[in-house]
Structure formats: structure tokens, C-alpha cells
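Asker: kindly return the folded structure for what I paste below:
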Amino acid sequence: MSSGTGIRKGCNQMDKLKMLWTGEYNDYWEHVFEETFDMVKAGRAFPEADGATHRMTEDELIPMLQGKDVFIDGYDRVTERVIRECADLKLILSIRDGPEESVDIDACTKAGLPVLFPGGRCIRSVAELTAALILMVDPLKCVYFVVFIIILQQFDGNILGPKILGNTTQLSSFWVLFSILLFGGVFGIVGMVIGVPLFGVIYDTVKKLVRRGLDRKGQIEVWEQYKADYPDEEPKK
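Answerer: Numbers count the residues shown, from 1 in each chain. The predicted structure is shown next:
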């Protein structure tokens, strides 16, 4: 009996898939993986394992991944070269909800290599996962859900978001949206980040210059009338 058990354990050990793990999981999943796979931990998620504190380069990743069946990827780049030189690889699991940021999805598709990733880590993936689940039960309700999500995103991006920023910077929703589009178009992502506060400074400076110019010309009543007709909204606390 004990001999049979020993043989069975030996077979199970031989049947274990080889895995490289650079992702971040809790202790429970580490225990599950150790029971299921012949596992090697590496990368910046485990500095105690090999001292790494950065994303692995292709030359660093390829030797560690060769001969492995499964790769649980944290943030290391899986390029076409990596896929080509790691022919034994059968599955990639990415801890990111947008695996295309670190995994060459096109190369994986051409190689027939499946890529799995968790849903639920951001609004987009939650909506996609929910829509897929509803679609399997009731396609018509899935259409309603998708339409609702589109309307909600448009409301959040074009009305609610600018309104919140406007209350903080004393800009109307129109000027908030205008500044994001203008500076984003000129300076890219950096422009979208700095656009609203920078435009708020410009807007306030122009207001002060206009008021000072009217005051010098003895036409301050024009300014007062404008303020009476279009009073500034107090920021909401």
C-alpha cells in the first residue's frame, strides 16, 4: 500500500508542469501553485529569490523561460523573440487586466499560445466580463447593458468629470473639456494631466488683466455688470 502510494506520488511529481512565476499572488495561491507545478520564482516581485529589482530584459527572461510550460507574468515584456525562442511554452497568465501592455498578443495568436488575464481590476474589464456573462444568459439584456455602459461613460467623461474639475479650478465644464482636448492634442498624455490646472491659471490671469484694463479706462461698471449677470459658482465642498 505504501509502495503504491510512493509510486503514485512519484508519477505525480514527474507529471508536474514546469512554471516560471514573476507575478504577484497571495500565500494561498503560492501554496496551490507549489502543489501543482514545478515552480521557479524570479523577477522584481521576488527580490529575495534572485535580487532582481527591475523588469527582465529579453536576454534575462529567455534562459529562465526556456523549457517551461507555463509563465505567470508580472510586468516583464513577452516579445515575439521570447515566444519564438521558448518553444515549450504552452500558456501565459498575466496578472494585468490589460496584458497587451506587456505581452505581444499578435505573436501569441500566431503561435497558438493562449494568454489568460484576470477580469475585474478596472472599469473596462469589469464591464467586458459582465457583458460576456449576461450575453450567455440573455443576449437582449446584454445589448441593454452595453448601451447603458456607453451612456454612463459619456456622462462621466463629458459632464460629471469636467463638472468636478470645474468646481475645483473655477472653470466651467466647457473650459475643462476644452483644456483637456487642447493640451492633450498638443502635448499628449502630459498635456491632458497639466491642461486643466494650467488653463485655470491662464483663465484667472486673463480675467484679472481684463478687469484692470476696464478699471484704467474708467469702465469698471462693465465688469460689475458682467459679474452680476454671470456670477462665479462657489466650489462645492
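
Asker: could you pull out the helices in the chain for me?
Answerer: 2-15, 27-36, 47-50, 58-65, 80-85, 105-111, 123-137, 139-155, 161-169, 173-187, 189-216, 220-229 (DSSP state H).

Asker: quick one: buried residues of the fifth one?
Answerer: Neighbour counts over helix 80-85 (16 or more other Cβ atoms under 10 Å) mark 82, 83 as buried. (Glycine included, C-beta is placed from N, CA and C.)

Asker: which helices and strands does it pack with?
Answerer: Packing partners of helix 80-85 (3 or more Cβ pairs under 8 Å, 6 or more residues apart in numbering; DSSP states H and E): helix 58-65, helix 105-111.

Asker: show the average pLDDT along the longest one.
Answerer: Pointing back at helix 58-65 there. Averaged across helix 58-65, pLDDT comes to 90.

Asker: got the contact list for that helix?
Answerer: 20, 40, 42, 56, 71, 76-79, 81-82, 85-86, 89 (Cβ atoms under 8 Å, 6 or more residues apart in numbering).

Asker: which of those residues has the weakest pLDDT?
Answerer: residue 42 (79).

Asker: hmm, it is touching residue 20, no?
Answerer: Yes: using Cβ atoms under 8 Å, residue 42 is in contact with residue 20, at 6.5 Å.

Asker: so these two - more neighbours on which side?
Answerer: Neighbour count, other Cβ atoms under 10 Å: between residue 42 and residue 20, residue 20 has more, with 25 against 21.

Asker: bridging residues for that one?
Answerer: On the basis of DSSP bridges, residue 20 is bridged to residue 40, residue 71.

Asker: quick one: residues contacting it.
Answerer: 39, 40, 42, 64, 65, 68, 70, 71, 72.
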